[in-house]
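Novice: Need a 3D model of the following:
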Amino acid sequence: MLNLGLEFLVDEVIPLIKAEVARELAERGYSQSRIAKILGVTQPMVNRLMNQYEYYVEKARKLNLWDMVVNVSRAVVEMITNDRYDDASKYIMNTLLMDLAGLRLCNAHRMVKVDIPANCNVCSILVMHRDAVIMNVEEAIKILEANPEVSLLVPGVLMNIAEAIPNPRDSSDVAAVPGRIDKVNGRVKAWNPPTYGASGHLAMILIGISRNDPSTRAVASVRWGSDVEEAIKALGWSMVKTSGSMKPSEEEVISRVVSAYVASKPKVVADTGGYGVEPITYVFGSNAVEVALSIVSLAKEAAKLAKK
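Specialist: I've put the predicted structure just below:
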């Protein structure tokens, strides 16, 4: 019997995302008819998604897809509210195909189709991971550059964001911004498009983490400080602080960040630096877009707290 991963996405996964997107758009004041046009469905279908929202949540949780659904929907709503509908569509397809090709949806698929062989890896042929990762980092840069509050988080050594292909072996498997991300006229600016091998530092962190947690493939480096710590706590994020010798080498910083993340998988690892080494906040996620949205949330919270 044929068990097609693409069919699983269309029949089972995409409806979960549409239900969550519909709910978020409704909360932002969008009418059901407008949501229907955006999602490419009928108004009665939107009404059904809204009325049966708890059913979709329960189903997503049963399939262990709820976190993925929330993260994808959050990014999609951000793009929709900025009238970037094509980008939203590309992001959904890019993310879902990456997960499918990375065999991260196999367990969920088997819950729906119990006859799938244990050694099935058919979906691994679906995408070119390297192209998909570059698309994610490009989108992440757009998100960061569109939100002026992010400039508050640029450290002295500048900001960067990186995403690895599945099972990265070296820095050539991790895409980041050459020259990093600077602060210009109250906004952040990436001076160059993302490319592979652009950040050995973030690459080594992601490679170290991938051996224990292959689902975490992205990280950003931003400023650390008491205000950033306060904002992280206000957001309720999990955080671990790391420290070591008074004058740590880059290898030591990488090792302690990786060790801290592997030990408890927090959303944030804050390294306190040392003599000649700036303290840095590392924000982690499954892909660069998810991390960029987290950076925006952190920046907006820090800006709000600064006004109090």
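Novice: Glu278: what's it in contact with?
Specialist: Contacts of Glu278 were listed using C-beta atoms under 8 Å, 6 or more residues apart in numbering, and they are Pro155, Gly156, Val157, Trp224. C-beta here means a position set from N, CA and C on the backbone, and glycine is covered the same way.
Novice: Nearest residue to the third one in space, please, no chain neighbours.
Specialist: What that stands for is Val157. Glu278 (5.5 Å; C-beta to C-beta, 6 or more residues apart in numbering).
Novice: Listing request: residues of this protein with sub-threshold pLDDT.
Specialist: Within the chain, the set of residues satisfying pLDDT under 70 comprises 1-3, 127.
Novice: domain parsing for it?
Specialist: Following automatic domain parsing, one finds the domains of the chain at 5-125, 129-306.
Novice: which of the residues in the helix or strand containing Ile17 are buried?
Specialist: Using DSSP states H and E, Ile17 sits within helix 14-27. By 16 or more other C-beta atoms under 10 Å, the buried positions in helix 14-27 come out as 14-26.
Novice: Which member of these is positioned nearest Ala299?
Specialist: Comparing the buried residues of helix 14-27 against Ala299 with C-beta to C-beta places Glu24 closest, at 20.3 Å.
Novice: Who are the contact partners of Gly208?
Specialist: Applying C-beta under 8 Å, 6+ apart, the residues near Gly208 are Ile254, Ser255, Val258, Val262.
Novice: Can you name the element that comes right after the strand or helix carrying it?
Specialist: Gly208 is located in helix 200-210, with elements delineated by DSSP H and E. Per DSSP H and E, the first helix or strand lying C-terminal to helix 200-210 is strand 218-223.
Novice: Which element is encountered next along the chain beyond that following strand?
Specialist: helix 226-235.
Novice: and that following helix, C-alpha only, in PDB?
Specialist: Taking C-alpha atoms only, helix 226-235 is exported to PDB below (Å, rounded to 0.1, in the frame of the first residue of the first chain):
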ATOM      1  CA  SER A 226      20.400  43.000  33.100                       C
ATOM      2  CA  ASP A 227      17.600  44.500  30.900                       C
ATOM      3  CA  VAL A 228      17.800  41.500  28.600                       C
ATOM      4  CA  GLU A 229      17.600  39.100  31.500                       C
ATOM      5  CA  GLU A 230      14.600  41.000  32.900                       C
ATOM      6  CA  ALA A 231      12.900  40.800  29.500                       C
ATOM      7  CA  ILE A 232      13.600  37.000  29.300                       C
ATOM      8  CA  LYS A 233      12.100  36.500  32.700                       C
ATOM      9  CA  ALA A 234       9.100  38.600  31.800                       C
ATOM     10  CA  LEU A 235       8.500  36.400  28.700                       C
END
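Novice: Which elements pack onto it?
Specialist: strand 239-242, strand 268-271, helix 288-306 (3 or more C-beta pairs under 8 Å, 6 or more residues apart in numbering; DSSP states H and E).
Novice: Please identify the most buried of these.
Specialist: Of all the helices and strands packed on helix 226-235, strand 268-271 has the most neighbours on average by mean count of other C-beta atoms under 10 Å, namely a mean of 24.
Novice: Which strands or helices does that strand pack on?
Specialist: Here strand 268-271 touches helix 226-235, strand 239-242, helix 250-264, strand 280-285, going by 3+ C-beta pairs under 8 Å, 6+ apart.
Novice: okay, the ones you listed in TSV with distance to Tyr85 next?
Specialist: Converted to TSV, these look like this (distance: least, C-beta to C-beta, whole Å):
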stretch	distance to Tyr85
helix 226-235	29
strand 239-242	35
helix 250-264	35
strand 280-285	23
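Novice: one step back: now rank the contacts of Gly208 by neighbours and give me the top one.
Specialist: With neighbours taken as other C-beta atoms under 10 Å, the top of the contacts of Gly208 is Val258, carrying 22 neighbours.
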